[in-house]
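Asks: starting from these lines, generate the structure:
(2 chains)
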Protein chains: 2
Amino acid sequence: MTEPRVLVLVSAGPTAGPTVPPALQRLDGRARVTFGDEKSLVEALPDADVLLVWDFSSDALRSAWPGGGPRPGWVHTASAGVDRLLFPALVESDTVVTNARGIFDQPIAEYVAGMVIAMAKDFHATADLQRRREWRHRETRKVAGSRAVVVGSGPIGRRIGVTLTALGVEVDLVGRRGTDGDPDFGRVHASESLPALLAEADWVVCAAPLTAATTGLFDADTFGHMKRGAHFVNVGRGAHVVEDDLVAALRSGRLGGAALDVFASEPLTADSPLWQVPGLLVSPHMSGDTVGWRDDLAEQFADNFDRWLAGEPLVNVVDKRLGYVPRA
Amino acid sequence: MTEPRVLVLVSAGPTAGPTVPPALQRLDGRARVTFGDEKSLVEALPDADVLLVWDFSSDALRSAWPGGGPRPGWVHTASAGVDRLLFPALVESDTVVTNARGIFDQPIAEYVAGMVIAMAKDFHATADLQRRREWRHRETRKVAGSRAVVVGSGPIGRRIGVTLTALGVEVDLVGRRGTDGDPDFGRVHASESLPALLAEADWVVCAAPLTAATTGLFDADTFGHMKRGAHFVNVGRGAHVVEDDLVAALRSGRLGGAALDVFASEPLTADSPLWQVPGLLVSPHMSGDTVGWRDDLAEQFADNFDRWLAGEPLVNVVDKRLGYVPRA
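Replies: Down below sits the predicted model:
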């Protein structure tokens, strides 16, 4: 039997090598692993049995996908979001798509909890005052007893909800479809309930998958339903937010503040106006990336590769029509 | 019966009036309430039955206390720490001292949790990069699975411990005396165990009362026991820390960072070197002060005043020898 061919899509340039962690050596002797960047993808793809999308920020697969020709039967992405993979030719093919579900839940939940506390306690203004050597006592806000709406009932949204609940926040979790029998929250609200829930929330967090239904969800209309002075956090995808509308909502005082870890266009260039919007905290798409994350991602893929080789069912299989891994 | 006389010690200056909240009106018709600042204290004190130390940052009581002469039988301080009241003449008198135990627990616990996450996730560096319009992805740290030592087993230290535990941190609580039968933590470590515990901790939090035993506790020796790169948070009193030793530990890299809400001398003046120590986060003694805190403090005093007037036992009575309210 010939060894299966695993193609690893890495970013171009000199940093490509070191970012691929040693855990992939688990495939040695059982697969022929090759590395390719965006440029070599068109040529390499038809020969690959498995594609590991290691550089998950790449959009190259869409144009390089071989359509009806020879193509990988399995594509794994080292990310939770699969929006970049769900172009029609891949959705309609029989290629299986899996993702990195689980790796990012806890780090992102901690990041959101930290941002909520930082905004409640005015940490960033305190840092500005420190730089000016100015002692200015202020009254800030208690987090316990406040209310949050978390949009996205997948594992990341759920972990955010659980973590905020542990801090005494009353959390409403919003999913595509509602249920009254949720094991963690009892009730999950359907997306139709969102406007009413927004009116009561001190914190609104986006942790949804990017699908047709959630693209541009956070626009002027949605911000208009929020309580005056409420805060917004986005750890989903940049395209969930109409950025101009967010800026307007911050400038008008409708929103008391916002923290964005993701953007319509990444990386933000130095001339982006978003760097300097009052009340807007910008972080460079790093909320889920804690020390060891690349090793965890590689181990997760290698585990799934073991299953694939043994003919067992893969885990974290994406429902390509829904755009995420459905809850078991 | 003549109305008892309640003296309220407020800060001097034009802001004194508005800082005393309406809840004190609950005493109207049942007490003669007068307000005095540091200057009028010597004269007013002998006439007072009750002293409410509203300006808890004042050190004036020590010199104004009438010794063996007529004096209040009850002193209440609108603070958790009572270190400023425990001068020998008051300790040795039969005057009862009560404090604001309970009001600050949750806000301070949230502040500490926020600082822990902010330091783990490098929030402050992210803000600096934002100011420079620089997109720089970094790997940060997971909070869950890390270890914390919380020094101080009173209600504030406990709530900090409970909150960090809810975030997945393994917490060791350290009190004056250890016990294996603690209702919240099972085990509370005795202070003798501190050096060994410090060696394992990623986060060390001071939430102790300021007593002879804890003054200067965090010095070069203590920092020397900490794990290289660990972080320190002080929400106790400034005098718990030998500030020069802390600065040296930060500069040498022994400590990875620190957050101080309290200082040996408050407010920090503009020329204090502490404003600009790399890795040191300075906040102006505000971690416990959330919107409504002054109302809560006034209500708490008025509740105790009701008890006092009815001849019932006061709550939050300080053991003046120990320097805090002992656990019931």
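Asks: find the residue at the geometric middle of chain A.
Replies: A:G236 (4.3 Å; CA atoms, centre = their mean).
Asks: tell me if I'm right that that one and A:V204 touch.
Replies: No. Assessed by CB atoms under 8 Å, A:G236 is found out of contact with A:V204, at 11.7 Å. Bear in mind the C-beta positions are built from the backbone N, C-alpha and C, glycine included.
Asks: need the residues touching each of the two.
Replies: Common contact partners of A:G236 and A:V204 (CB atoms under 8 Å, 6 or more residues apart in numbering or on different chains): A:V151.
Asks: check contacts around the residue nearest to the centre of chain A.
Replies: Contact analysis of A:G236 by CB under 8 Å, 6+ apart lists A:G81, A:V151, A:G152, A:C206, A:A207, A:A208, A:P209, A:L210, A:T214, A:V262.
Asks: how much space between it and A:R327?
Replies: Distance, A:G236 to A:R327, by CB to CB, to the nearest Å: 17 Å.
Asks: all helices of chain A, in order?
Replies: A:16-19, A:41-44, A:60-64, A:88-92, A:105-121, A:123-131, A:155-166, A:194-198, A:220-225, A:243-252, A:293-309 (DSSP state H).
Asks: just say which of the ones you listed is most tucked in.
Replies: helix A:105-121 (a mean of 26; mean count of other CB atoms under 10 Å in any protein chain shown).
Asks: same for that one, what does it pack against?
Replies: helix A:155-166, strand A:230-234, strand A:255-260, strand A:280-282, helix B:105-121, helix B:123-131 (3 or more CB pairs under 8 Å, 6 or more residues apart in numbering or on different chains; DSSP states H and E).
Asks: try 6 Å
Replies: On a contact count with 3 or more CB pairs under 6 Å, 6 or more residues apart in numbering or on different chains; DSSP states H and E, helix A:105-121 meets helix A:155-166, strand A:230-234, helix B:105-121.
Asks: of all those, which one comes closest to A:F56?
Replies: With CB to CB as the criterion, A:F56 lies closest to helix A:155-166 of the helices and strands packed on helix A:105-121, at 14.9 Å.
Asks: so that closest one versus strand A:230-234, what angle?
Replies: 140 degrees (axes from the mean of the first three to the mean of the last three CA atoms, to 10 degrees).
Asks: write out the residues of chain A neighbouring chain B.
Replies: A:106-107, A:110-111, A:114, A:117-118, A:121, A:124, A:126-127, A:130, A:133, A:135, A:137, A:139-144, A:166, A:267-268, A:270, A:275, A:282-284, A:286, A:289-291 (CB under 6 Å from any CB of the partner chain).
Asks: how about residues contacting stretch A:53-72?
Replies: A:8-11, A:38, A:41-42, A:45-46, A:48-51, A:77-79, A:84, A:87, A:89-90 (CB atoms under 6 Å, 6 or more residues apart in numbering or on different chains).
Asks: lowest confidence element among the helices and strands of chain A?
Replies: helix A:16-19 (a mean of 51; mean pLDDT, DSSP states H and E).
Asks: where does chain A dip in pLDDT?
Replies: Scanning chain A for pLDDT under 70 picks out A:1, A:13-19.
Asks: go with 50
Replies: A:16-18 (pLDDT under 50).
Asks: still on that earlier bit, out of the contacts of stretch A:53-72, which are buried?
Replies: A:8-10, A:38, A:41, A:45, A:48-51, A:77-79, A:84, A:90 (16 or more other CB atoms under 10 Å in any protein chain shown).
Asks: which one of these is nearest to A:N316?
Replies: A:T77 (9.7 Å).
Asks: wait, doesn't that closest one sit right on A:N99?
Replies: Yes. Look at A:T77 against A:N99 with CB atoms under 6 Å: they come within range, at 5.3 Å.
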